[in-house]
Structures are given as structure tokens and as C-alpha cells.
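> show me how the following folds:
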Amino acid sequence: MTPETPDGARTPYDHVLQDILADPATSFSLRKRLEADALRDPLDALADAESLLALANLRWRAIEQRTGLEPQERARGIVVLGFGPQPVDLVVRMGRICARDDVVDPRVAHMAGATYAMGSPAALSALAARLCAGSLGAITDQLQAHPGISLAAARWLATGERGLSSEAIFQHLVGVRLPDAEGPLCPADSGDLARCRALLEEVPELAPRFEQHMASASPQWAALVPLWGRLCAMQDAGEHAAVSATIRNALAPIPDHPHPQGT
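So this is what the prediction gives:
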């Protein structure tokens, strides 16, 4: 029994269910459970899911106690997060703070919106669980605020690194109006370009639309879209100053081009 709105429109549940079932990483067991629960009374399915969660927690606690690994011991440790460009002697500095067996975890860094995350595996795992729990609520909020958007789009709105130019891409290609967003502002430098590229990677359905439709957003975007591949190649090569200079030169002939810093 799939929950519907009074007019029969699809709900955020329908969109998330479709994305999870379409994800090749979804396990066979979860896929079968979701397909079966979709036909059941939602309250009955919820009650069973809560029972399964409680039972799984009891099972894991028993394993922890049997192996001598208590939850408090698992979560001990320090996690160091770095934001933005880092010094060349980063590894040396980190060695003074972290233990010898600490590791770098790009997944946790991404979840936290950081450049890197380093710490004990146990502490990193505990932080990832907390970040995941917080982001799930935020993703659900975005799905409810913007019915019809994909799960990837909702995840970017909730946890992605956003700027005015990346928000301009999202608004123009998805067709939604974001609160407090500006007009079709374009990137001004390499940092802005990186945020725009991250959006297109995290919400992959936007990449083909970008090439086909973004130039129609404004004269400024019309000037930058043909240069996009070149700008990305320069950024990948570490030529950040050249990226900014190329953007400035492309936009200079256009009067009143709106591209403030940090967009």
C-alpha cells in the first residue's frame, strides 16, 4: 500500500524507493524487502522495520561483548578535518596529532564537506554514522520541499558544497527556485568552477543538460559553456590562476557581467 497524496500524486517515498531499487549497489535482501513492504500497510511495515532494527542492534551488541569490543571503545580517537587548500607539509603536521595507525578517509571528508579527514578507523566510523543520520533528515526535507527531484539532487541540496554559480546551474537545469538564491551567476574563479563541477558529478543527470541548455541561462553562461572542457582541463592540471584569467577574459566583453567572488 503505497502512500499517496489526496490527488494521487507521487510522494517523496515513491521517488526515494525508485532510486534505491534502481541503484545497482542495493543488496538483493533489501530490494526484496522494499518491494514487499511497498504492497503492505505502511504502519505494519514500519512496526516490522523497527523490530528488525532493534533485533539487529541486539545482535551487534552481543558480538561486541563477545569479542571484547565495547561501543565506547570503538568510538574513541581523534578525527582531524581540513577545509580548503592545505600546506605541503600536511602529512608531517598530521603526524604530530594523529596516531601511527590512523588513516585518511575521503568518504568521511566528503560527508563533512571537508578536503580531508584523518583519524582512527573507529572514530571515523562513528563520525560517519552521525553525519549520515543528520544528512538523512536533511535529504528528506529537500525531497518534500522540491517534489519530483531525484535522490541525488536532494542529497546535493542537503549536503553538497553550494555556491551561487552552482545554484544557478541547479535552478536553470532542474527548474526549481531555491530560497535566497541569486540570478544566473556564473563562476568567477577556480574555486567556483570546482563547486560547479562537483554538482555535475554528484547529480549526474544534469551533465548532459548542462551541455545542451546552460548557455541559454545568460550571455555570461553562453560565453563560458563552450570553454568548459578547456577550463576543466586547466583546473585538473593545477593551473588555477589560468582558470580565473580565462574566465575574466571571456566575460570582459559582456557588459555588467554578474560574477562576484565566491559564487
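
> all helices of the stretch 51-200 of the chain, in order?
Ranges of helices in the stretch 51-200 of the chain, per DSSP state H, counting those that start in this stretch, are 71-74, 90-97, 106-112, 121-145, 151-159, 164-174, 190-202.

> tell me which of these sits most buried.
Neighbour counts (mean count of other CB atoms under 10 Å) averaged over each of the helices of the stretch 51-200 of the chain peak at helix 164-174, with a mean of 23. Every C-beta, even on glycine, is put in place using the N, C-alpha and C of the backbone.

> what's the closest of the helices of the stretch 51-200 of the chain to residue 212?
Among the helices of the stretch 51-200 of the chain, the nearest to residue 212 by CB to CB is helix 164-174 (9.3 Å).

> that closest one - contacts with which helices or strands?
Using 3 or more CB pairs under 8 Å, 6 or more residues apart in numbering; DSSP states H and E, the elements in contact with helix 164-174 are helix 151-159, helix 190-202, helix 206-213.

> distance to residue 242 for those - can I get that in JSON lines?
What follows is the helices and strands packed on helix 164-174, written out as JSON lines (distance: least, CB to CB, whole Å):
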{"stretch": "helix 151-159", "distance to residue 242": "28"}
{"stretch": "helix 190-202", "distance to residue 242": "9"}
{"stretch": "helix 206-213", "distance to residue 242": "22"}
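
> of those helices, which approaches residue 28 most closely?
The nearest among the helices and strands packed on helix 164-174, by CB to CB, is helix 151-159 at 19.9 Å.

> now do the closest one against helix 190-202, angle only.
140 degrees (axes from the mean of the first three to the mean of the last three CA atoms, to 10 degrees).

> outside of helix 151-159, which residues touch it?
With contacts defined as CB atoms under 8 Å, 6 or more residues apart in numbering, helix 151-159 is touched by 15-16, 19-20, 111, 113, 135, 138-143, 146, 149, 162, 170, 174, 178, 199, 202-206.

> which of the helices of the stretch 51-200 of the chain sits closest to residue 40?
Of all these, it is helix 121-145 that lies closest to residue 40, at 20.6 Å by CB to CB.

> other SSEs contacting the closest one?
If contacts are counted by 3+ CB pairs under 8 Å, 6+ apart, helix 121-145 sits against helix 12-22, helix 71-74, strand 79-82, helix 106-112, strand 116-119, helix 151-159.

> make it 10 Å
Packed against helix 121-145 by the contact rule (3 or more CB pairs under 10 Å, 6 or more residues apart in numbering; DSSP states H and E) you find helix 12-22, helix 71-74, strand 79-82, strand 103-104, helix 106-112, strand 116-119, helix 151-159.

> now those as TSV including mean pLDDT and distance to residue 62?
Listed next are the helices and strands packed on helix 121-145 as TSV, based on pLDDT from 0 to 100; distance: least, CB to CB, whole Å:
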stretch	mean pLDDT	distance to residue 62
helix 12-22	80	29
helix 71-74	41	12
strand 79-82	81	27
strand 103-104	80	27
helix 106-112	75	27
strand 116-119	82	27
helix 151-159	85	33
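
> alright, calling it a day.
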